[in-house]
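Q: 3D model of this:
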Amino acid sequence: MNTLTARRNALSSLWAFVALNIAFADILGLYTPGVIPEVIEGVIEGVTVTENMILIAAVFIQIPVALIVAMQFLPLRAWRAVNILAALVTAVFVVAGGSPRPHYIFVASCEIVALLSIVVLVWRAPTSEWADAESA
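A: Down below sits the predicted model:
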């Protein structure tokens, strides 16, 4: 990435990719035969769904959604730490909250690749670029 704007846009785009894939993995899961009755019953794949579980999932889902916007405004000093921490937390959510269904494994794999790309992108960003941008 040659410019700060390009790096910001790339990171926002990767976070959007992750957020959309999280949403579509769940949407596609509803089309799996037998899932709708489980949802109505409140026990999905043997796990009883509670209000607190849904709240926790909502909080985790907000991480990539928030980073889409945050990457446009977040101070450069915070980029590396925020992105790496958010990518790690999101990866844990994706893996731990996952399903053994083939569509989920595929989508989760795409999400993990995007999260690794985010970490690599911020890790390889030259700190001199950050210092120049912050002083401008």
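
Q: any weak-confidence spans in this protein?
A: For the chain, the stretches with pLDDT under 70 are 1-2, 127-136.

Q: mind checking the longest helix of it?
A: helix 4-29 (DSSP state H).

Q: all strands for this structure, in order.
A: Assigned by DSSP state E, the strands in the chain fall at 43-44, 47-48.

Q: what's near enough to touch residue 82?
A: Each residue near residue 82 by CB atoms under 8 Å, 6 or more residues apart in numbering is listed here: 67, 70, 74. To be clear about C-beta, it is placed using only N, CA and C from the backbone, and glycine gets the same treatment.

Q: picking that back up, report all helices and strands that the longest helix of the chain contacts.
A: If you count contacts as 3 or more CB pairs under 8 Å, 6 or more residues apart in numbering; DSSP states H and E, helix 4-29 packs onto helix 51-73, helix 76-96, helix 102-123, helix 127-135.

Q: in CSV: those helices, plus distance to residue 42.
A: Shown next, in CSV, are those (distance: least, CB to CB, whole Å):
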stretch, distance to residue 42
helix 51-73, 10
helix 76-96, 20
helix 102-123, 20
helix 127-135, 48
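
Q: nearest residue to residue 15 other than its sequence neighbours?
A: Distances taken as CB to CB, 6 or more residues apart in numbering place residue 67 nearest to residue 15, at 4.1 Å, with adjacent residues excluded.

Q: repeat that for residue 22.
A: Spatial nearest neighbour of residue 22, chain neighbours left out: residue 61 (5.9 Å); criterion: CB to CB, 6+ apart.

Q: ok, residue 113 - contacts?
A: Applying CB under 8 Å, 6+ apart, no residues contact residue 113.
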